[in-house]
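Got a predicted model here, sequence first, then my questions.
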Amino acid sequence: MQTGIVHIGIGAFHRAHQAVYTDAVLADGDLDWGIVGASLRSADTRDALAPQDGLYTVAARDGGGERLSVIGSSAGLLVAPENPQALLAAMTDPQVRIVSLTVTEKGYCHSPASGELDEAHPDIRHDFASPNLPRSAIGFIVEAIARRRAAGVRPFTLLSCDNLPANGRTLKRVVSRFAALRDADLGRFVAGEIVCPSTMVDRIVPATTDADRAAVSRALGMEDAWPIMTEPFSQWVIEDDFPAGRPAWEMVGATFVSDVDPYELMKLRLLNGSHSTLAYLGYLAGHETVSDTMAAPGFATLVRSMMDEEVTPTLPRLPGIDLEAYKADLLARFRNPALRHRTWQIAMDGSQKLPQRLLGTIRDRIAAGAPFAKLALGVAAWIRYAAGTDEKGARIDVRDPLAETMRERTEGCASAAELTAAFLELEQVFGLDLPANPHFVAAVEAALDDLLANGAAASAARMAAA
């Protein structure tokens, strides 16, 4: 097996998704596409998988049982902070033709509201000052591009596999801006020569628990330090623009298209928007998992009516896609009792997710003069959650890049009006337009007032019946 891909961000989603598709290509005999995976933060994945030669198990679970597969597409595992030069050397290898990413929304060091590079981000500032010792994914990419260019090595294709709208264009924008700020000539090269096809990725991947590890190890008859739990469903839609070549992913289930935007919009608004709404309301109502939330009164009705009444009218026509069937499948996936997808896990990094998952839909509804009360409830539930205290008065462990900022802004806020005003000051989340829109402010404040007064379960039931 040769190394053809360097992947930044070797978390659970990558190992349940892109690595699985690539493993199938390798199994079909095309051995040019082994993946060197790199973590930008923790050594945990490398430490778990290196003793087992990078092999790990994917357990696809639903109500009908479990199917185990051992994945062998890893050609090496790196930890960037330990040895930045090793990752840069891998990225500048002429055999590497694709650099892909799953670094979550916050890994792009951009403003979610505007999509532009956050030039004040601490990692970006560091990478400007020390380009040979980068910390951010953007810094590593631009330094690798510069080194390949200096050595006369053909550019790689950059492939974002994160849940961002127009993720390829977002990646191209922040990389081009960073490169231009480093050196104007390098910026022009990146803008003209680096290709960033957009993708749509879809597979639900809960965090692996110790009980999962034990169950998989029993089934295998050998120890797996970090298996991956997921659902049988998997989808990957990719814009077909790979000047340096690519694996035949279409032969193993991926779909290549000329424009991924409509598929991405459908998924972000119907799946991810609903998932986040369920996560915040479900957590506040005391439900540990999405399937528990879906089983409680009102929640399934609420999310289906939100999809039908407020989200679907904002979507373009998608030839070949049956939206009614797609929505029914989503509800069945959310109900999957075998996944145990924790609401707290989905609730992470909400400040980065809300603009794509809920706020863009709300903007379209406002522009159409249409109501958006159910979407506003999702936003209010995030505010209630991110304020950091649950319905019993206990502290919530809020994991978010803006957690400290949100805590400081909301200290002393008691009413829905005060909390709403404090959160709407977060320009990087809400922009300037939504806080200035009286209909948006009133809808969120009303939903938040109901949550504070009556609790998430009652608010969800009331909105479901509306």
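Here it is on my side, so go on.

Please make it C-alpha for all contacts and neighbour counts, starting now.
Will do.

a strand runs through Trp236, doesn't it?
Yes. The assignment for Trp236 is a strand, going by DSSP: H, G, I helix; E, B strand; the rest coil.

For beta bridges, what are the partners of it?
Val201 (DSSP bridges).

So it versus Asp259, what's the distance?
Trp236 is 13 Å from Asp259, where distance means C-alpha to C-alpha, to the nearest Å.

Of these two, which one has the most company?
Trp236 (20 against 16; other C-alpha atoms under 10 Å).

any idea how far Asn437 is from the more buried one?
To Asn437, Trp236 is 36 Å away according to C-alpha to C-alpha.

and the residue nearest the centre of the chain, what is it in contact with?
Nearest residue to the geometric centre of the chain (C-alpha atoms, centre = their mean): Asn163, 4.0 Å. Neighbour list for Asn163: Thr104, Glu105, Met200, Val201, Leu268 [criterion: C-alpha atoms under 8 Å, 6 or more residues apart in numbering].

Can you classify it by secondary structure?
coil.

Going by neighbour count, list what's buried in stretch 338-352.
Within stretch 338-352, the residues scored as buried using 16 or more other C-alpha atoms under 10 Å are 338-344, 346-352.

show me where the chain has strands.
For the chain, strands defined by DSSP state E occupy the ranges 3-8, 34-39, 56-62, 65-71, 74-79, 98-101, 157-160, 199-202, 228-230, 235-239, 255-257.

ok, which stretches of the stretch 351-466 of the chain are helices?
In the stretch 351-466 of the chain, the helices defined using DSSP state H, counting those that start in this stretch lie at 360-367, 373-386, 403-410, 416-424, 427-430, 438-454, 456-465.

Tell me which of these sits most buried.
Most buried of the helices of the stretch 351-466 of the chain, by mean neighbour count (mean count of other C-alpha atoms under 10 Å): helix 373-386, with a mean of 26.

then it to PDB, C-alphas only?
Only the C-alpha atoms of helix 373-386 are listed here, as PDB (Å, rounded to 0.1, in the frame of the first residue of the first chain):
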ATOM      1  CA  ALA A 373     -41.300  29.700  15.600                       C
ATOM      2  CA  LYS A 374     -40.000  26.100  15.700                       C
ATOM      3  CA  LEU A 375     -36.500  27.100  14.400                       C
ATOM      4  CA  ALA A 376     -36.500  29.900  16.900                       C
ATOM      5  CA  LEU A 377     -37.200  27.400  19.700                       C
ATOM      6  CA  GLY A 378     -34.000  25.500  18.600                       C
ATOM      7  CA  VAL A 379     -32.000  28.800  18.900                       C
ATOM      8  CA  ALA A 380     -33.600  29.500  22.300                       C
ATOM      9  CA  ALA A 381     -32.700  26.000  23.500                       C
ATOM     10  CA  TRP A 382     -29.100  26.600  22.500                       C
ATOM     11  CA  ILE A 383     -29.100  29.900  24.500                       C
ATOM     12  CA  ARG A 384     -30.700  28.100  27.500                       C
ATOM     13  CA  TYR A 385     -28.100  25.300  27.300                       C
ATOM     14  CA  ALA A 386     -25.100  27.500  26.600                       C
END
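
Does anything pack onto that helix? Which helices or strands?
The elements that helix 373-386 packs onto, with contact taken as 3 or more C-alpha pairs under 8 Å, 6 or more residues apart in numbering; DSSP states H and E, are helix 273-284, helix 416-424, helix 438-454.

Just the angle for the last one relative to helix 416-424, thanks.
What it means is helix 438-454. Relative orientation of helix 438-454 and helix 416-424, computed by axes from the mean of the first three to the mean of the last three C-alpha atoms, to 10 degrees: 120 degrees.

And helix 438-454, what does it pack against?
By 3+ C-alpha pairs under 8 Å, 6+ apart, helix 438-454 packs against helix 373-386, helix 416-424, helix 456-465.

and what of the second one?
Here helix 416-424 touches helix 373-386, helix 403-410, helix 438-454, going by 3+ C-alpha pairs under 8 Å, 6+ apart.

got the contact list for the nearest residue to Leu55 once chain neighbours are set aside?
Using C-alpha to C-alpha, 6 or more residues apart in numbering and skipping the chain neighbours, the partner closest in space to Leu55 is Gly72 (5.2 Å). Under the criterion of C-alpha under 8 Å, 6+ apart, the neighbours of Gly72 are Asp23, Gly54, Leu55, Tyr56.

Swap in 10 Å and give it another go.
19-20, 22-24, 26-27, 34-35, 53-57 (C-alpha atoms under 10 Å, 6 or more residues apart in numbering).

Over to His110?
His110 touches 116-121, 124, 170-171, 173-174, 352, 428, counting by C-alpha under 10 Å, 6+ apart.
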